[in-house]
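In: I need the structure of the sequence given here:
(4 chains)
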Protein chains: 2
Amino acid sequence: MVNMSFSTYNSPSLEDALHIIRDALSRHMLTVLFGNCRVEYEGRASSTLEWGVRLVILKADGSVLIHRPTGYEPVNWQPPGSSFRVEVLDDNLKLTAVRSQPKEILNIFFSQIHHILTSSLADTGEFSLYVSELDMKKAILASPSLIEEGFHPLSAEKEAGEAGFVDVFGEDRNGNLVIIEIKRVQAGKDAVLQLKRYVDALRGKFNRPIRGILVAPEIQKDAQFLLAVNNLEFKQLSPRACYDVLKTFKVKKLSEFLT
Amino acid sequence: MVNMSFSTYNSPSLEDALHIIRDALSRHMLTVLFGNCRVEYEGRASSTLEWGVRLVILKADGSVLIHRPTGYEPVNWQPPGSSFRVEVLDDNLKLTAVRSQPKEILNIFFSQIHHILTSSLADTGEFSLYVSELDMKKAILASPSLIEEGFHPLSAEKEAGEAGFVDVFGEDRNGNLVIIEIKRVQAGKDAVLQLKRYVDALRGKFNRPIRGILVAPEIQKDAQFLLAVNNLEFKQLSPRACYDVLKTFKVKKLSEFLT
DNA sequence: ACGTCGATCTCGAAC
DNA sequence: GTTCGAGGTCGACGT
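Out: Numbers count the residues shown, from 1 in each chain, chains lettered A, B, ... in the order given. Here you go, the predicted model:
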């Protein structure tokens, strides 16, 4: 069956499949194969997958996905940028996807191909994810009063020695240093410990009082306790508030805020 | 076209698609939809995806994958364990995938379905990845001389306070304590720092000399330097050597080695 | 090009 | 159940 934007083929011979796939790949079409195959992979690791019927997706950018009937993740794959080769040898159709940097090779051997779908679709529909941790950081830098009146950011990604990088580093209206750790979702003990590591790491380096503030939409009960024990603070900040701020500011880069 | 193990449908009406999908889902079949759709997601984050033609995969375990023509990752998805609802409203077919813990909802609205593939396949083919970090640990515990003659493992996952858990903890032929950090691939500075944290954390707790050994197939130049600076050691260990050891020992559990 | 870090991370194992 | 760490992580951003 053929249409403007896609074609499907039922139970083609391996020879027919060879030509269909070659043609589709040369035109950078999305190609979906459904058939009995085994897979070999060698690169950062090595793996083998014995015979079974799977869904194989070849994308326009050189990605390959091999999916079994369960699980979110593909059992084997190749990231974007791979180049393909198809051939028929003995009783198999062999599909090879190679990438360099790192050098990795994926071989798929089909004994039978039940179904092929090819499509040249473009899909220009816009995708928008509402708030990421980066968005929350941008919102705080754009509108520091989200934290408290008088808060003044000094830097983003402040290094705290071996402890890593502080999300936002600044000072409050009283001249105290402020270390902010941001979590996009409910904060747990891990976030508190992370904040504590940053505060401890920087405490010795400045001759000024340091406050540590955990910023998140909500916080777990035990994390709240752990905060109090360590003399740290919690500031509730909803993704919605950040979204509203960003909508008015429309900012691209973090550095634009740091003067 | 119908076959023992799979069926395909071209350009079904939304009403027909409704029945096909419902039937397939009730039988826990793999279902692949190709059509024009928009997507809403709300849960750990929120997102919208405007109209476009995509490949939608519904798996037997309740996973959903929505793939665009490029990229390794699905643009939207639902992890295994989701439950489905399908309905036709106005001019759309609405497919809902909900999961709890955490509460997440995915809505896919199709204006047109170009193609459907359903299959009840099982796919029992075995998948084997050759060496994991756990395999390397097992290999070291099974054959400690992979590290050096006279090395004797005392425990796996030895706690080192706040620093975390040591991969392998033991002693050498001279009675020095040995802390081993394993990397399955080329070791970087992060691995050195991790090893250093373990050594520092345990140094105060024992009245014996402590050696820190980074075990990996290879090591980055700067990591090598960082090792030397901190008086730590590197022991090269190839995945292949571990694979060979495991092949002969064929071991299941870590604890079998610790006496 | 490389390194670092977030992710609707996913996945498995240990507790 | 939760927590923790690995992943052929991927992908984005900064250098």
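
In: Kindly tell me how buried A:Glu87 is, as a neighbour count.
Out: 11 (other CB atoms under 10 Å in any protein chain shown). All C-beta atoms are positioned from the backbone trio N, CA, C, and that covers glycine.

In: Tell me the secondary structure of it, please.
Out: Counting by DSSP: H, G, I helix; E, B strand; the rest coil, the backbone at A:Glu87 sits in strand.

In: For it, which non-adjacent residue is spatially closest?
Out: Nearest residue to A:Glu87 in three dimensions, chain neighbours excluded: A:Lys94, at 5.3 Å (CB to CB, 6 or more residues apart in numbering or on different chains).

In: does the helix or strand harbouring that neighbour come close to DNA strand C?
Out: A:Lys94 is part of strand A:92-99 when elements are defined by DSSP states H and E. No. Figure legend: strand A:92-99 not in contact with DNA strand C (CB under 7 Å from any atom of the strand); closest approach 11.0 Å.

In: helices and strands around that strand, which ones?
Out: helix A:14-26, strand A:46-58, strand A:83-89, strand A:104-119 (3 or more CB pairs under 8 Å, 6 or more residues apart in numbering or on different chains; DSSP states H and E).

In: Past the second one, which element shows up next along the chain?
Out: In other words, strand A:46-58. According to DSSP H and E, the helix or strand after strand A:46-58 is strand A:64-67.

In: can that next one be found next to chain B?
Out: Yes. In terms of CB under 8 Å from any CB of the partner chain, part of strand A:64-67 sits within range of chain B, namely A:Leu65, A:His67.

In: A:Asn92 and A:Gln112 touch, don't they?
Out: No. Counting by CB atoms under 8 Å, A:Asn92 does not reach A:Gln112; the two are 9.4 Å apart.

In: which residue ranges form the helices in chain A?
Out: A:14-26, A:133-142, A:189-203, A:221-229, A:239-249 (DSSP state H).

In: hmm, who's touching the shortest one?
Out: What that stands for is helix A:221-229. A:Ala187, A:Gly188, A:Lys189, A:Ala191, A:Val192, A:Leu193, A:Leu214, A:Ile219, A:Glu233, A:Phe234 (CB atoms under 8 Å, 6 or more residues apart in numbering or on different chains).

In: how many neighbours does A:Leu49 have?
Out: Neighbour tally, A:Leu49, other CB under 10 Å: 22.

In: Quick one: residues contacting A:Trp51.
Out: Shown here is A:Trp51, whose contacts under the criterion CB under 8 Å, 6+ apart are A:Asn36, A:Cys37, A:Arg38, A:Ser111, B:Gly125.

In: what's near enough to touch the closest residue to chain B within the stretch 151-259 of chain A?
Out: Going by CB to the nearest CB, chain B is nearest to A:Val185 of the stretch 151-259 of chain A, at 6.0 Å. By CB under 8 Å, 6+ apart, A:Val185 lies in contact with A:Ala216, A:Pro217, B:Arg44.

In: Filter these down to the buried ones and hand me the PyMOL line.
Out: Command for PyMOL, covering only those of these found buried under the criterion 16 or more other CB atoms under 10 Å in any protein chain shown:
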select buried, chain A and resi 216+217
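
In: Which ones among the contacts of A:Val185 also lie next to DNA strand C?
Out: Restricting the contacts of A:Val185 to those touching DNA strand C (CB under 7 Å from any atom of the strand) yields B:Arg44.

In: re earlier: distance to A:Val168 and mean pLDDT added to the helices and strands packed on strand A:92-99, as TSV?
Out: Shown next, in TSV, are those (distance: least, CB to CB, whole Å; pLDDT from 0 to 100):
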stretch	distance to A:Val168	mean pLDDT
helix A:14-26	47	97
strand A:46-58	40	95
strand A:83-89	43	96
strand A:104-119	38	97
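
In: Out of those, the one nearest A:Trp77 is which?
Out: Proximity to A:Trp77, assessed across the helices and strands packed on strand A:92-99 by CB to CB, is greatest for strand A:104-119 (7.7 Å).

In: Touching, A:Ile147 and A:Ile180? I think so.
Out: Yes. Between A:Ile147 and A:Ile180 there is a contact under CB under 8 Å: 6.8 Å.

In: got a pLDDT number for A:Val2?
Out: A:Val2 is assigned 41 on the pLDDT scale.

In: now A:Val64
Out: 98.

In: try the one 10 residues further on
Out: We note a pLDDT of 98 for A:Pro74 in this prediction.

In: For it, give me its contacts.
Out: A:Leu65, A:Ile66, A:His67.

In: Nearest to DNA strand C, out of the residues you listed: which one, please.
Out: Using CB to the nearest atom of the strand, A:His67 comes nearest to DNA strand C of those, at 10.3 Å.

In: which ones are touching the closest one?
Out: By CB under 8 Å, 6+ apart, the residues touching A:His67 are A:Arg54, A:Leu55, A:Val56, A:Ile57, A:Pro74, A:Val75, B:Ile57, B:Lys59, B:Leu65.

In: Out of those residues, who's the most crowded?
Out: Neighbour max across those (other CB under 10 Å) = A:Arg54, 27 neighbours.

In: ok, it - contacts?
Out: A:Phe34, A:Gly35, A:Cys37, A:Ile66, A:His67, A:Arg68, A:Val75, B:Asp123.

In: switch to 6 Å and redo it
Out: A:Arg54 is in contact with A:Cys37, A:Ile66, A:Arg68, counting by CB atoms under 6 Å, 6 or more residues apart in numbering or on different chains.

In: before we move on, back to that, select, out of the helices of chain A, the one closest to DNA strand C.
Out: Of all these, it is helix A:133-142 that lies closest to DNA strand C, at 3.5 Å by CB to the nearest atom of the strand.

In: Residues of the stretch 51-200 of chain A that sit close to chain B?
Out: A:51-53, A:59-61, A:63, A:68-70, A:72, A:75, A:79, A:114-115, A:121, A:123, A:125-130, A:185 (CB under 6 Å from any CB of the partner chain).
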